[in-house]
Structure formats: structure tokens, C-alpha cells
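[1] Next come a sequence and a model predicted from it.
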Amino acid sequence: MSPPRVAVIGGGLAGITAAIALAEAGAAVTLLEARPRLGGATCSFTRDGLTVDTGQHVFLGCCTAYRDLLGKLGMTEHAPVQDRFDVTVLAPGPTPRRGRLRRTALPGPLHMLPALGRYPFLSWTERTSVSRPALAMRRVDPADPRVDEQRFGDWLAARGQSERARRALWDLFTVSALNIAGDDASLSLAAIVIKTGLLGKNNAADIGVPALPLGELHGDAGATLLTKLGAQVLINAKVSAIEPGAIEPATSTQPDDPSRPRFRVRLARPVDPADPAAASSAADPAEILADAVVLAVPHDAAARLIPPGALPEATVAGWAGLGASPIVNVHVIYDRPVMDLPFAAAVDSPVQWVFDRTRISGLDRSSPGRAQYLAISLSAADQYVDVPAAALREQFVPALAELFPAAREAQVTEFFVTRERRATFRQAPGTARLRPPAATTLPGLVLAGAWTATGWPDTMEGAVRSGLLAAIQLRQTVLSGSGFSAPGQSGGGHSDSVLSGSEANAPTSTIGERQ
């Protein structure tokens, strides 16, 4: 019996993960990506000889699903994790102030207490009050729908957290993780960040920063592994429609022949017949025939592509209304080094987080020991997303000089801005009920994406988990009787392909922060 054919639509982390899991388990997978590269929101491009990531992403030590994916891609050594959570926090001034949040070896949640007790940007009274919401958070159930209806800021204020404490401490962890102003975040999603990352195991919040461009780390490595597994990877392959129904190939004479594909995936334009990867099971180069489909695209695109009747109209309208939050990245290249840290956070400044991108961009090879490339990552960037680059330069170059005295004498040799207008869905109260599960009412069609009901925020970890859940859903349903092996069994020659259903939902991983 020929292996089941699965079309995975979308080449971001969710689609890459689902495609790998299904290919390892023995399916004939075709991954379709509309853009010219894989990676989705985590990809790279070149500019004047430099490699630029579309946005700065980091992850945490407890992101087990994402870290497992890095292992499969052979990229673990290129995404190192801190020995201990360690963040330098800066405040502007003639002589900038520095604070340090570094965990101890004590078990969680005691591991952060010494650092919080010395945190210089809060008063003594504010530091002593931090324990109150920390202890109360341990009793918050993120799965409770009533919790998701509450604003995180209101919950903190009710537990004695001042405006200053919320901005100078709590926002450091939640704004970058949830891509929404800290006060406006869903309490449920904030609780996942705080409980797992800060109140869980003492190494849960240790930060991992990719040491390669994201395009290499995810897209290139994903394409290489999928090709090795025998999957087809089609780029510049935009899907225009998914048509379900009984599709009878010319070789089949029985209407109930189980070998008939269930779906016809139509492309906006034919695949390039000269591309050896473009061979498909259909005679028409503008369509793909499949037994199952993983729809792993952003929520607004999924609402347009999902076939009528696959889910109630109210469900589709609900997730289509999840909204979007932007991220803006400000890139500044100096003629000399100005920052002596790999990354830092800031308070009392428009700068949120800033990263040294000199080596990863390749600038160190063209200007060894001289120039430095800094990237400012601005989450919840509604106020910046439509501001012209010239105006952002007027604001952020002086802001960097207030944090790094060496920048006051340095020359800016290049300044540019990248914008992710729809970086995540808007992770506000009331969104949990709008996020759909992987399964649809149409057998063989499943959803994936960090916006689906993963139980996690819209982050890299959530995206990877959604891909695993989609693969598990197909294995347990339409593909279970077709000779398709369960992930983790012998199909495809791999014994560790994906997590089991219970492991995929285990509370041992957390968010990969999109800084």
C-alpha cells in the first residue's frame, strides 16, 4: 500500500514541525510555502551584504518542544542557552544605571529572590511587595475561562503592584513574551509565562539566543531535513483553495476505494515544471492531491482558505477576529563598538531590548573589530509601526546614547527599520475561546499555528506544539488505518519522531519569547 499523501500548507515553524513529524512517521509529505523561503515569521534576508533576521527571537530553557525541533534540525549547538538566567537592565542618564537579574542555584521559585531583592529600579517597598503576586500566581489556573477574561494589569494592581513596579519589572517578562502592553494582556497567558518561566524549575527561564541567522537555523535546516526524509518542499507555491470531496483517480473504478485522495489543493499559479522538487501526484501542475491537509498559515489566511462546512461559521469568524499586534525592529550600525553586552533590557527608555548582531549578521567579517550592529526589538509596537524611519532615527539614536556612553562619540553608518505588522495575534483577555483546536469537522483537515488552541502564547514554542498536535490528530484519525505508523514508532525508520499526545500537552515547556 502506498503511503498516505499529506499536504502541509505553510512553511513556518508549525508547518515545518508537522511536515517533519508526518514524514518521519511514513507519510508522503508535500510542504507548500507561498514565499521564496521557509521559516515564516522566523526567517532572514540579505541587505548590503549583511544577513538580517525579520525579527529578534529568543527562547527559554523550558521550551522543550522547540528545543526538540532544534535537535532534529541539528541546530542545538547553534542556539546556546545561558548557564543561568542573567539579564542586564539599563536605565538612561548622564551615567546610565545598571541592574542585573541573575538567578541563583536555589530551587524554584526561590532562585529569583536574591536578584529581585537587589533590583535597583524599584523602591525597597516595591521590592518587598513582589512576593505577594508571585505567591498568588501559583494558585491561578490558566485553563480557567474566567482567568482568560481578566487583564493582567488589573490583577497585579489588586495585589499591590504599583504603576512603577508593573513597568520596571513585570513588563520585562510579559511584553516581549506576549507582544501586548503588560496591563492589557490576558491573565491566562501571562500566568503561563510567569508560572512556568519564573516560578517553575530554576532553569526554566534561562535564555537561549540563536547564534545563526534564523533563516539558516529554521528554514534552510528544515528544508534539508525534509528533503532527506523524502518530502517535497515547494516554495513560491501559494495555495488559492482547498477542495474536499471524493476525488477518483483514473486508475480507480470503485467509488468507495479508500486509495482515493480526499482533497484537491489548488495553487494560485502552476508549480515550475523545471523544478525537480515540483513533481506532484496530480497531472495538473496547478494542484496537489492529498489524503490529508495540515493548514498551517496565519489565522487571517486560514479563515480565507478553510473550506465551507469544515467548521461552524462562528468558529471561523471568531479566530478571524483575533486581531494582530506588531513588532518593529530598529537596526543601527556604528563605526565602533558601543555596547559590551550580548543583549540588554531597558527601563525608562523607548528601548525595550537591544541585541548585538555584529557577528550573526556577518559584519564582523567585513569590519573586524571596528563596526558594531545593534538591533532594538520593540514589542507591542502599535505606536511605532507607521512611524517613518527618519523619525524613528531621531528618537532611538539618542535613546541608545543615553544607555551606552560610547555611542555618544560614535558615528551611525547605517540605520534601517523592519516591521512585522502582524507578528502575533493580539493576546488580550477573551482570546482563549476564539482559538480553535487542531481538529476540524472535516476528516483529514487539521489546523496548526501558534494562534490555535495550544495552551501556550503565540510564540515559537506554541508554533512547534501546534505542529505536533496537528500530526498527532491525523495519526489518530484518518491516517490510522492506512499503514501510517504512530509518531515514535517504526514508520520512516525513526524511533523518536514526535511527542505522544499526552507529552504534547504536558506542562513542562513554555513560551519561546519573541523579543
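    Structure's in. What do you need?
[2] switch to C-alpha atoms for all contacts and neighbour counts from now on
    Will do.
[3] neighbouring contacts of stretch 405-413?
    With CA atoms under 8 Å, 6 or more residues apart in numbering as the test, stretch 405-413 has contacts from 94-96, 332-339, 400-401.
[4] Kindly indicate which of the residues you listed lies nearest C63.
    Distance to C63, by CA to CA, is smallest for M339 among the contacts of stretch 405-413, at 28.4 Å.
[5] Could you check how far that closest one is from L101?
    18 Å (CA to CA, to the nearest Å).
[6] Please apply the same query to E149.
    Counting by CA to CA, the gap from E149 to L101 is 31 Å.
[7] Alpha carbons only: can I get stretch 219-239 in PDB?
    Output in PDB follows, covering the C-alpha atoms of stretch 219-239 (Å, rounded to 0.1, in the frame of the first residue of the first chain):
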ATOM      1  CA  GLY A 219      14.200  27.400   7.100                       C
ATOM      2  CA  ASP A 220      17.400  26.000   5.500                       C
ATOM      3  CA  ALA A 221      17.800  23.300   8.100                       C
ATOM      4  CA  GLY A 222      14.100  22.400   7.800                       C
ATOM      5  CA  ALA A 223      14.300  22.100   4.000                       C
ATOM      6  CA  THR A 224      17.400  20.000   4.200                       C
ATOM      7  CA  LEU A 225      15.900  17.500   6.700                       C
ATOM      8  CA  LEU A 226      12.600  17.300   4.900                       C
ATOM      9  CA  THR A 227      14.300  16.500   1.600                       C
ATOM     10  CA  LYS A 228      16.400  13.800   3.400                       C
ATOM     11  CA  LEU A 229      13.100  12.300   4.700                       C
ATOM     12  CA  GLY A 230      11.700  12.200   1.100                       C
ATOM     13  CA  ALA A 231       9.300  15.000   1.500                       C
ATOM     14  CA  GLN A 232       8.700  17.600  -1.300                       C
ATOM     15  CA  VAL A 233       9.300  21.200  -0.400                       C
ATOM     16  CA  LEU A 234       7.600  23.700  -2.800                       C
ATOM     17  CA  ILE A 235       8.400  27.400  -2.400                       C
ATOM     18  CA  ASN A 236       6.600  30.200  -4.200                       C
ATOM     19  CA  ALA A 237       3.600  27.900  -4.100                       C
ATOM     20  CA  LYS A 238       0.700  30.000  -2.900                       C
ATOM     21  CA  VAL A 239      -2.500  28.000  -2.200                       C
END
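[8] which residues are contacting that stretch?
    Residues contacting stretch 219-239 (CA under 8 Å, 6+ apart): 9, 12, 16, 19-20, 23-24, 28-39, 43, 73-75, 265-271, 277-278, 492.
[9] Next, the buried residues of that stretch.
    219-223, 225-226, 229-239 (16 or more other CA atoms under 10 Å).
[10] Which ones among those map onto strands?
    232-234, 239 (DSSP state E).
[11] Which single one of the residues you listed is nearest to P210?
    V233 (24.2 Å).
[12] ok, back up a step: quick one: buried ones out of the contacts of stretch 405-413?
    Buried members of the contacts of stretch 405-413, counted by 16+ other CA under 10 Å: 332-339, 400-401.
[13] Let's have the ones in strands among the buried residues of stretch 219-239 in JSON lines, adding pLDDT.
    Shown next, in JSON lines, are these (pLDDT from 0 to 100):
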{"residue": "Q232", "pLDDT": "96"}
{"residue": "V233", "pLDDT": "97"}
{"residue": "L234", "pLDDT": "96"}
{"residue": "V239", "pLDDT": "97"}
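[14] Name the nearest of those residues relative to D183.
    Nearest to D183 among those: V239, at 38.2 Å, using CA to CA.
[15] Report the beta-bridge partners for that closest one.
    L267 (DSSP bridges).
[16] what helices or strands is the helix ranked longest in the chain leaning on?
    Using DSSP state H, we find that the single longest helix of the chain is helix 460-476. On a contact count with 3 or more CA pairs under 8 Å, 6 or more residues apart in numbering; DSSP states H and E, helix 460-476 meets helix 13-24, helix 64-72, strand 445-447, helix 501-504.
[17] between those, which gets nearest to V385?
    Nearest to V385, of the helices and strands packed on helix 460-476 and by CA to CA, is helix 13-24 at 24.2 Å.
[18] could you give the angle of the closest one to helix 64-72?
    Interaxial angle, helix 13-24 versus helix 64-72 (axes from the mean of the first three to the mean of the last three CA atoms, to 10 degrees): 60 degrees.
[19] Can you give me the buried ones in the longest helix of the chain?
    So for helix 460-476, counting by 16+ other CA under 10 Å, buried means 460-475.
[20] Tell me the gap between stretch 54-73 and the middle of its chain.
    Averaging C-alpha positions (CA atoms, centre = their mean, to the nearest Å) puts stretch 54-73 9 Å from its chain's average.
[21] Sort out which residues of that stretch are buried, please.
    54-70, 72-73.
[22] Would you format the helices and strands packed on helix 460-476 as JSON lines with distance to L295 and mean pLDDT included?
    As requested, the helices and strands packed on helix 460-476 are exported to JSON lines (distance: least, CA to CA, whole Å; pLDDT from 0 to 100):
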{"stretch": "helix 13-24", "distance to L295": "8", "mean pLDDT": "97"}
{"stretch": "helix 64-72", "distance to L295": "19", "mean pLDDT": "97"}
{"stretch": "strand 445-447", "distance to L295": "5", "mean pLDDT": "98"}
{"stretch": "helix 501-504", "distance to L295": "19", "mean pLDDT": "35"}
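[23] For the host helix or strand of E394, name the packing helices and strands.
    Assigned by DSSP states H and E, E394 belongs to helix 389-403. Counting contacts by 3+ CA pairs under 8 Å, 6+ apart, helix 389-403 packs against strand 412-424.
[24] Would you confirm that A344 contacts L90?
    Yes: between A344 and L90 there is a contact at 7.2 Å, judged by CA atoms under 8 Å.
[25] More neighbours: these two, which one.
    The neighbour comparison of A344 against L90 (other CA atoms under 10 Å) goes to L90, with 24 against 21.
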